[in-house]
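**Student:** With the input below, show me the fold.
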Amino acid sequence: MLLSHAKMRRKLNFLITAGPTREFLDPFRFISNPSSGKMGYAFARAARERGQETVLVSGPTNLPRPEGVKTIRVSSAREMRKAVMKYFPSSDVVIMAAAVSDYRPAARRKSKIKKNRKKIQISLVSNPDILAELGGKKGGRFLVGFSADSDNIVDNARKKMEIKGADLIVANDISSPGSGFESDSNRVVVLERDGKTETWPLLSKDEVAERLIKKIIGKLK
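**Tutor:** Numbering: from 1, shown residues only. Next comes the predicted model:
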């Protein structure tokens with residue numbers, strides 16, 4: 001299995017996603033979310049600083065490319081899936097920190113929607129569930145998911161881990177002050193498949209990333 005090989009190597013191959021995705025209604029308007037990408041980029045920097053081979057698949061952000069990290073820029077959920085699947089086979093650890101849009105417009109208008117109607121109806125269809133797809137084919141890879149929620153944080157994260165096939169879930173309360181989207185800090189609960197749960201205090205996203213990367217490397221080496 002790939003994991004047993006990973007234990008024998010000095011370096012692990014990390015694949016990390018970050019940021020939001022955009023699902024365009026027309027050439028000018030899109031559905032998205034407030035994800036800044038800061039958490040995913042922090043993971044990429046932390047993995048690289050520990051000498052690990054790192055690929056970052058990033059949705060649209062204003063952040064600079066992390067030094068020494070192969071960075072692939074994407075926009076939509078389907079573009080993110082395509083990039084992730086390209087690098088997944090050579091990965092030992094996958095951290096899905098991106099806030100991927102669950103839905104996209106059923107059709108994208110070729111021209112701008114004019115402001116001449118009081119109401120418009122938009123039909124949405126589901127985007128691919130990248131985390132669940134990876135969970136079904138991960139083999140010996142170590143798969144990390146994120147669960148951003150506003151209530152029943154731990155219970156919902158535990159259910160997500162089981163349904164998606166992740167080995168570890170990082171849960172955070174997006175309604176908590178100083179935590180979640182766009183902030184420089186995060187307050188997370190780390191849930192493992194063996195039932196172990198750790199509640200971390202409010203930390204900078206760089207500190208969260210350093211702790212988690214150290215934890216993962218310790219498990220696999």
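**Student:** mind checking how far stretch 145-154 is from the chain centre?
**Tutor:** Relative to its chain's centre, stretch 145-154 lies at 13 Å (C-alpha atoms, centre = their mean, to the nearest Å).
**Student:** Tell me the span between the first and last residue of that stretch.
**Tutor:** With C-alpha to C-alpha, to the nearest Å applied, stretch 145-154 spans 13 Å between its terminal residues.
**Student:** ok, and for that stretch, which residues are buried?
**Tutor:** For stretch 145-154, the neighbour count (16 or more other C-beta atoms under 10 Å) marks 145-149, 153-154 as buried. For every residue, glycine as well, the C-beta is placed using N, CA and C.
**Student:** for stretch 161-180, same thing?
**Tutor:** Quick answer for stretch 161-180 (16+ other C-beta under 10 Å): 161, 164-174, 179-180.
**Student:** Could you list which of those belong to strands?
**Tutor:** If you go by DSSP state E, these have 168-173 in strands.
**Student:** Please identify which of the buried residues of stretch 161-180 is nearest to residue 141.
**Tutor:** When the buried residues of stretch 161-180 are compared for distance to residue 141 (C-beta to C-beta), residue 167 wins out at 8.6 Å.
**Student:** Would you check that the closest one makes contact with residue 144?
**Tutor:** Yes - contact criterion C-beta atoms under 8 Å: residue 167 and residue 144 qualify, at 6.9 Å.
**Student:** Pull up the pairing partners for the lengthiest strand in the chain, direction included.
**Tutor:** Scanning the chain for the longest strand, with DSSP E as the assignment, gives strand 142-149. Using DSSP bridges, strand 142-149 pairs in its sheet with strand 93-96 (parallel), strand 168-173 (parallel).
**Student:** I'd like to know which elements whichever helix or strand comes after the last one is packed against.
**Tutor:** Note on strand 168-173: by DSSP states H and E, the next helix or strand toward the C-terminus is strand 185-186. Judged by 3 or more C-beta pairs under 8 Å, 6 or more residues apart in numbering; DSSP states H and E, strand 185-186 is in contact with strand 203-204, helix 205-220.
**Student:** if we go to 10 Å?
**Tutor:** helix 38-49, strand 168-173, strand 203-204, helix 205-220 (3 or more C-beta pairs under 10 Å, 6 or more residues apart in numbering; DSSP states H and E).
**Student:** Roughly how far does the residue nearest the centre of the chain sit from residue 68?
**Tutor:** Taking C-alpha atoms, centre = their mean, the centroid of the chain lies closest to residue 97, which sits 1.9 Å from it. Remark: distance between residue 97 and residue 68 (C-beta to C-beta, to the nearest Å) = 18 Å.
**Student:** Next: residue 183.
**Tutor:** 26 Å.
**Student:** Those two - which one has more neighbours?
**Tutor:** The neighbour count for residue 183 versus residue 68, taken as other C-beta atoms under 10 Å, is higher for residue 183 (18 against 13).
**Student:** Wait, that one touches residue 203, no?
**Tutor:** No - using C-beta atoms under 10 Å, residue 183 makes no contact with residue 203, being 11.2 Å away.
**Student:** Quick one: name whatever helix or strand follows the one helix or strand in the chain whose mean pLDDT sits lowest.
**Tutor:** Ranked by mean pLDDT, DSSP states H and E, the weakest helix or strand in the chain is helix 2-8, scoring a mean of 47. Downstream of helix 2-8, the next assigned helix or strand under DSSP H and E is strand 13-18.
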